[in-house]
Structure formats: C-alpha cells, structure tokens
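Asker: requesting a structural model of the entry that follows:
(one chain, ligands or ions: 1)
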Amino acid sequence: MANNLPNNSRRHFIKLTAIGLTAIPFATMLFNNAAADPISETDPLAVAMKYKSDATQAADRKDLTSTCANCAFYTSKAGDTTGPCSIFQGKLVSANGWCTAWARKA
Ligand code: SF4
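Answerer: From the prediction side, this is the model:
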C-alpha cells in the first residue's frame with residue numbers, strides 16, 4: 001500500500017502537468033483576443049518603444065512601408081485592424097501602427 005504513494009503522486013503530477021500544458025494555448029488565445037485592450041501610446045513600454053497607433057506619426061520610421069501588419073511580431077491575421085504583438089504582451093496594437101522593434105515579416 002505504502003509503495004503506491006510515490007506512483008500515485010507521480011501520476012497526479014503528470015496529470016496536472018498535462019492538463020496545464022493543454023490549457024495554456026486556450027488561455028493564451030482567450031487572453032490575446034477576447035480580453036486584450038489596445039495598447040495606449042502613453043503606456044511606459046509604448047513610450048519606450050516609440051509606439052504610434054498611426055505609423056505615419058512615428059518620427060523614427062524610415063521604411064515608409066513598415067507597419068504592424070507586416071511586422072514579424074504581429075500575430076493577427078490579414079485584414080484585422082488590431083492584433084496581438086509579442087512585444088506588448090496582453091495588449092492589442094493597431095495594424096497601421098509602428099514601433100522601434102519593427103522587423104519585416106518573413
Ligand atoms: S513590434 Fe511590430 S507589431 Fe509590435 S508594435 Fe512594434 S511594429 Fe507593431
């Protein structure tokens with residue numbers, strides 16, 4: 001009987017880990033799409049990254065074709081007006097926005 005405790009404990013741990021790993025993509029999806037608010041240009045990280053929701057207002061933008069919509073960090077689908085950005089976790093950025101972390105989507 002006592003020999004079963006470590007195995008039960010391990011099984012319980014493995015079950016919880018599997019449930020947790022399964023839940024992460026769903027939680028991320030909900031967090032990124034349903035519950036996310038647009039990033040404010042006055043957010044400290046947005047200020048540091050010189051984020052503008054209208055790329056034409058970004059003074060440091062040299063490539064005039066660069067916007068969030070064609071950035072490698074933008075994870076929304078084509079045609080969406082806002083979407084998640086891996087730089088601004090839990091917030092939405094404008095498809096027409098821009099910040100200094102911009103990198104062309106491959
Ligand atoms: S990292 Fe890319 S998608 Fe995110 S705010 Fe900056 S330009 Fe937009």
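
Asker: tell me the helix or strand right after the one helix or strand in the chain whose mean pLDDT sits lowest.
Answerer: Lowest on mean pLDDT, DSSP states H and E among the helices and strands of the chain sits helix 4-29, with a mean of 57. The helix or strand immediately downstream of helix 4-29 is strand 37-38, counting by DSSP states H and E.

Asker: quick check: which ranges of the protein have low pLDDT?
Answerer: Counting by pLDDT under 70, the chain contains low-confidence ranges at 1-7, 10-35.

Asker: which bits of it sit near the ligand?
Answerer: When proximity is defined as Cβ under 6 Å from any ligand atom, the chain approaches the ligand at 51, 68, 71, 73-74, 85, 87, 93, 97-99, 101-102. (C-beta placed from N, C-alpha, C; glycine too.)

Asker: rerun that using 8 Å as the cut-off
Answerer: 39, 49, 51, 55, 66-68, 71-74, 83, 85-88, 93-94, 97-103 (Cβ under 8 Å from any ligand atom).

Asker: from those residues, which ones fall inside strands?
Answerer: Mapping the residues of the chain next to the ligand onto strands (DSSP state E) picks out 83, 93-94.

Asker: from these, which is closest to S9?
Answerer: Closest approach between these and S9, by Cβ to Cβ: G83, at 42.3 Å.

Asker: outline the domain layout of the protein.
Answerer: Here the domain assignment for the chain is 1-35, 36-106, based on automatic domain parsing.

Asker: show the contacting residues for A59.
Answerer: If a contact means Cβ atoms under 8 Å, 6 or more residues apart in numbering, then A59 has K50 as its contacts.
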